[in-house]
Structure formats: C-alpha cells, structure tokens
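Chemist: I need the structure of the sequence given here:
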Amino acid sequence: MIKVRNLSFGFGRKTLFDQTEFSVGENQKVGLVGPNGVGKTTLLTLLSQKEFPTEGEIEVIGSIGFVPQEVKADRELEQAKNVRNYLNQDGLKMDFELKKMLANLELGNLDLESSPKVLSGGQKTKLALCRALLLEPDLLLLDEPTNFMDIEGKKWVMEFLGHYDKTVILISHDLDLIDSSINRVLYINQQTKKIEEYKGNYSKFLKLKKEKEDLFKRHLMIEQKRVKKMEEGVIRLFANTSKKGVRQRVILKRRLDRLKQKLPEIPPEVKKIRLFLPEPLVIGEIPIKAVEISKAFGSLRVFKDLNFLIVRGERIALLGPNGSGKSTLIKILNGIIKPDKGQVICDKNLSIGYYSQEFETFDPNKNLLETFVEECQMPDNQARSFLGRFNFMGDKVFQKVATLSGGEKTRLSIALVTGKNHNLLILDEPTTYLDVMSQRIILDALKEYKGTMIVVSHTEEFIKELNPDKAFLMPEGQMDFWSEELLGRVAEV
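Modeler: All right, here's what the predicted structure looks like:
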C-alpha cells in the first residue's frame, strides 16, 4: 500500500526526516504520533503528494483522501460553488446520501446549496471530513479530524473508522479516538529524524516506548559509570610522572575519548510553554459596547440587532454551536470585519489581543521573528528571548510561518497575544492544537490575568476551571451570569 524509502525532508536548516523508511500494508489503521512540530502534518502532506521529498521515494498504491488540520489549506473547498458540488464532484452520490453523512457529522441543518466559504472553521473541518468519507479512498489521511466535535460526533467517527475496510493514517490528540481506532503506530523520533514502527494501539505503544526508554536509561547509566571510573583513573595517573605512568595515562585518555564519543545523546526534555501575561493597560469601566449590530452573508443571516456591553475585568465565555456566529462576532469586535448595521463602541485606550483558531492574521511568507517583531515592536534580541519562552530556540525563529505545524502556530499566536500589554483578550479556541500539559499551563496563566477576556472553547473542563463571570449565548444573542448549569452549552458543536 505504502512504501517509503530513504526519505529526507526539511524546511531551510530544519531537518524533519533523515534517510528514514517505513511501510504500511492494506487495511491497516495507523496512528502517527510525536511532539508538536516534529513533522506529523508534513508527513501526511508528503504521503498525499501535495509536497515531494528532498531525497528518497514514496510509493502509494490506490486513491488518496486527505483531510488537513487547517481547513483554509483546502483549496477545493474554498473554490466550490456550493456544498453539493464540493461533496459530490464525481456526481455519483444522491442528495439523500450526502445529507445522511452530513447528519452523522453534526451538519444536518446545512443547506446543500449554501456556499462553503461562509462556514465556521469547525464546520469546514467537518465538511472536509464528510467529503473524504464519501469518496471512500484506498488511503485515508486524517489530521485532527474531531477537533470541533462533541462526544456523539467523536463516537460516530470511532465507529466509522473501526468498520472502514481500507487503510487509515490518523493524527489526533484525542486519546480515546486514537486508542480505539488504530492497530499500529508510526512514531517520529525528534532526535534521530527517523520513523519508528510499533505494533498495537496507542496504549501498547506507550508501554513499549517506556520499556525502550527505561532500557536506554539503564544503558546510559552503566556507560556513564564507566566514563567516571576511567576519568578518576586518568586523574590518579597524573600523579605518576614516570614514563610508564605517562604512557598509561595517554592510553587511558584515548580510550576515554572513544567511549565518550560512543555515548548515546541524551534526548532533551520537551520544554513546556511558560506563559506570562503582563499587567493590562489602564482602561475605562466599559471597554467595549455593541449597539444594534447585525450581520449576514448573502441570504444567510448570522445575527440581528445584538446589544450588549462588557465591563472591565469580566471573563466572558462565548457559547454556541458551530455556525451560530461566534467567530463572526469576534471578528466584528476585533475590527476585522464590519457589521451590516449598528456599531461597536470602544474605549479610547482599548488594546485587543486576538487569538484566532484559523491563524488568518499570519503572513505565511514571513518567518517567526519577523512576525513577532512587526506585531510586538520589540528589538530582535528581546524578541528572540521572548520567543524562547515558547520553545522557539536558535534558528527556529527564522522558519517561515507557512511551514509551522498547528501546535507551533498556536504557540506563536499565544506569544503574539502575550507580547503586549493588552487589556482585552479575545481567544477563539486557544487549546485546539495543544497537548494536555500545554492547555494546563495556558489555563493557569489566564486564571491570573487581571484584564478583560472573551473566550470561545468547546472544552468543558477548560471553561469550568476558568470560571467566567458571564456567558454570551449564541444564536440567542443573550448575555447571562455564569452558572455551571450552562456547562452543557459548552460542548455544543
């Protein structure tokens, strides 16, 4: 099905894969795992033949379906006349088949005549998944397919993949999904730039990997003891100034140098994001007020005559299913798009830090350092130090934004948000591409933030611990005081 031989690939000075090889057989369900930025999404892009290796060859037999992590990367979706054309390009499916699949992926209310361009990020992701599943390709490549789904949607995807009789390669931070859906793991080793193969599901992989790491540590400890003993021997021989003593010292020193060269490299600990939110700039009692705002895209009305105000220091959870207008409202408050009617009144000292789930404010042709310096107006040396807090070290800051993984773009976006003294943070799904530990670190920092905050998240635990003061409910357009009874609205998608 898939044969990869002597694969090498990288971006600029960063090498992702170095002379690695692996194979995947027919009907195998494979989980692709590794830290953020190690090359998981890049490997799927190479397998889908949207990129080509620097060296080596990739052989794929059969048709390929690829659902990318970032829906904006799906050119066919953006160019499609309507939902029907996008889902049914070969014209072989009946409308009832399309609607059934849409309903399974929580898009049952979607009009087949509507344009995909006006959909939210979550809806676009589901639509791309829907199209791939309808095509039933021989090789299905899925990059975080359930990010925007509730429990029922995730269960349906698990069941579908369990019965899918063709090959699947899956990237997911959803441990339940990846554990129940795969029978093999491909692990990208960040140190060796090789791809390691493990049989079994994700839980078995973790067990085997731990056993391998424990064996490595024991071997390393034995070798380090040998080195220490030889070093002590060299020191003792320095006291012996006879010709024989000098000769023994030289021989032992050579053996010591050879042994040190053979010592395995200690894998660096994965650095966690240390998120520091600065004191917010002074602002008035009402940072932002919306008066009779309305917005529509063609015949699709998103909301009408919204009125609300936000008080300084409030934490507001913006809740509602995908497509209810949350992202549109956020973009209006942030000045990215204008309302069709009404106005948004802002305090003269308002400074907004905006995190977008789709990263649409990034210039893909700029590198990390250029992006950060331009946005935060810092000297290069100070900017590099700041980016280092987010594990962007050394030459990494010169990497093009377009080549970053979803997790790396999340880290960069949060770095940009925290690089200035903003007094209003607007965060649209800030934890989507992050692992559990990074989510925890971000949450702890946000809980200490003294400014005003608007947060969109479908993660109940995240919203519960953030403990917002109010909830703005969509599509109702209603502001309510927060209570845990509203937690059920968090998971609505």
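
Chemist: Can you pull up the most central residue in the chain?
Modeler: Centrality entry for the chain: nearest residue to the mean C-alpha point is residue 433, 2.5 Å, by C-alpha atoms, centre = their mean.

Chemist: Can you give me the pLDDT of that one?
Modeler: On pLDDT, residue 433 comes in at 73.

Chemist: so what's it up against?
Modeler: 36, 69, 144, 147, 173, 405-407, 409-410 (C-beta atoms under 8 Å, 6 or more residues apart in numbering). In this view, the C-beta of every residue, glycine as well, is placed from N, C-alpha and C.

Chemist: could you dump these to a markdown table with secondary structure and pLDDT?
Modeler: Listed next are the contacts of residue 433 as a markdown table, based on DSSP: H, G, I helix; E, B strand; the rest coil; pLDDT from 0 to 100:
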| residue | secondary structure | pLDDT |
| --- | --- | --- |
| 36 | coil | 79 |
| 69 | coil | 78 |
| 144 | coil | 88 |
| 147 | coil | 78 |
| 173 | coil | 80 |
| 405 | coil | 80 |
| 406 | helix | 78 |
| 407 | helix | 78 |
| 409 | helix | 85 |
| 410 | helix | 84 |
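
Chemist: Make a markdown table out of those residues and add distance to residue 486 and neighbour count.
Modeler: Below are those laid out as a markdown table (distance: C-beta to C-beta, whole Å; neighbours: other C-beta atoms under 10 Å):
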| residue | distance to residue 486 | neighbour count |
| --- | --- | --- |
| 36 | 31 | 21 |
| 69 | 29 | 21 |
| 144 | 27 | 23 |
| 147 | 22 | 22 |
| 173 | 25 | 20 |
| 405 | 33 | 22 |
| 406 | 28 | 24 |
| 407 | 29 | 22 |
| 409 | 30 | 22 |
| 410 | 26 | 25 |
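
Chemist: Make CSV out of those residues and add distance to residue 341.
Modeler: Below are the contacts of residue 433 laid out as CSV (distance: C-beta to C-beta, whole Å):
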residue, distance to residue 341
36, 42
69, 35
144, 37
147, 33
173, 40
405, 40
406, 35
407, 39
409, 34
410, 34
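
Chemist: thinking again about what came up before, confirm that the residue nearest to the centre of the chain sits in a strand.
Modeler: No - secondary structure of residue 433 (DSSP: H, G, I helix; E, B strand; the rest coil): coil, not part of a strand.

Chemist: and the protein, what are its domains?
Modeler: Structural domains annotated on the chain: 2-206, 209-262, 288-490, as defined by automatic domain parsing.

Chemist: quick one: which of the ones you listed is nearest residue 280?
Modeler: Ranking the domains of the chain by proximity to residue 280 (C-beta to C-beta) places domain 288-490 first, at 3.3 Å.

Chemist: helix or strand right after the strand or helix carrying residue 441?
Modeler: Here residue 441 is covered by helix 436-448, with elements defined by DSSP states H and E. Where DSSP H and E defines the elements, the next helix or strand beyond helix 436-448 is strand 452-456.

Chemist: Adjacent strands (with direction) for that following strand?
Modeler: Strand 452-456 sits in its sheet next to strand 315-319 (parallel), strand 424-428 (parallel), going by DSSP bridges.

Chemist: Redo those strands as TSV? Include mean neighbour count, distance to residue 472 and mean pLDDT.
Modeler: Formatted as TSV, the strands paired with strand 452-456 follow (neighbours: other C-beta atoms under 10 Å; distance: least, C-beta to C-beta, whole Å; pLDDT from 0 to 100):
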stretch	mean neighbour count	distance to residue 472	mean pLDDT
strand 315-319	24	5	95
strand 424-428	24	12	92
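
Chemist: Now render those as JSON lines, adding distance to residue 97.
Modeler: As requested, these are exported to JSON lines (distance: least, C-beta to C-beta, whole Å):
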{"stretch": "strand 315-319", "distance to residue 97": "33"}
{"stretch": "strand 424-428", "distance to residue 97": "33"}
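
Chemist: Which stretches in the stretch 101-250 of the chain count as strands?
Modeler: 139-143, 167-171, 184-188, 195-199 (DSSP state E, counting those that start in this stretch).

Chemist: And for residue 349, the neighbour number?
Modeler: 12 (other C-beta atoms under 10 Å).

Chemist: oh, and call the first residue 54 from now on, that's how I've got it
Modeler: Fine by me, first position is 54 from now on; the one you just mentioned is residue 402.

Chemist: Might one say that it is in contact with residue 341?
Modeler: No - using C-beta atoms under 8 Å as the test, residue 402 is too far from residue 341 to be in contact (11.5 Å).

Chemist: quick check: mean pLDDT across stretch 343-357?
Modeler: Across stretch 343-357, pLDDT averages out at 92.

Chemist: Stretch 181-190 too?
Modeler: For stretch 181-190, the mean confidence score works out to 89.

Chemist: Would you mind listing the outside residues contacting it?
Modeler: For stretch 181-190, the surrounding residues in contact (C-beta under 8 Å, 6+ apart) are 115-121, 124, 127, 130, 139-141, 146, 150-151, 154-155, 158, 160, 193, 195, 198, 210, 213, 219.

Chemist: and that stretch, which residues are buried?
Modeler: 181-188, 190 (16 or more other C-beta atoms under 10 Å).

Chemist: before we move on, back to that, how about the domains of the chain in CSV, adding distance to residue 334?
Modeler: Listed next are the domains of the chain as CSV, based on distance: least, C-beta to C-beta, whole Å:
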stretch, distance to residue 334
domain 55-259, 29
domain 262-315, 46
domain 341-543, 5
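
Chemist: Kindly report which one of those carries the lowest mean pLDDT.
Modeler: domain 262-315 (a mean of 67).

Chemist: can you map out the helices along the stretch 204-353 of the chain?
Modeler: 204-216, 228-234, 255-291, 296-315 (DSSP state H, counting those that start in this stretch).

Chemist: Next: the stretch 54-203 of the chain.
Modeler: 93-100, 128-132, 136-140, 148-157, 174-188.

Chemist: about what we covered before: show the buried residues in the contacts of stretch 181-190.
Modeler: Counted by 16+ other C-beta under 10 Å, these give 117-121, 124, 127, 130, 139-141, 146, 151, 154-155, 158, 160, 193, 195, 198, 210, 213, 219 as buried.

Chemist: what helix or strand is residue 437 on?
Modeler: Judged by DSSP H and E, residue 437 forms part of helix 433-441.

Chemist: Give me the buried positions along that helix.
Modeler: 436-437, 439-441.

Chemist: Would you mind writing the CA trace of it as PDB?
Modeler: Taking Å, rounded to 0.1, in the frame of the first residue of the first chain, the C-alpha atoms of helix 433-441 are listed here in PDB:
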ATOM      1  CA  ASP A 433      15.400  41.500  17.700                       C
ATOM      2  CA  ASN A 434      17.400  40.300  20.700                       C
ATOM      3  CA  GLN A 435      14.500  40.900  23.100                       C
ATOM      4  CA  ALA A 436      12.100  39.200  20.700                       C
ATOM      5  CA  ARG A 437      14.300  36.100  20.400                       C
ATOM      6  CA  SER A 438      14.500  35.900  24.200                       C
ATOM      7  CA  PHE A 439      10.700  36.100  24.400                       C
ATOM      8  CA  LEU A 440      10.100  33.500  21.700                       C
ATOM      9  CA  GLY A 441      12.400  31.200  23.600                       C
END
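
Chemist: That'll do, ta.
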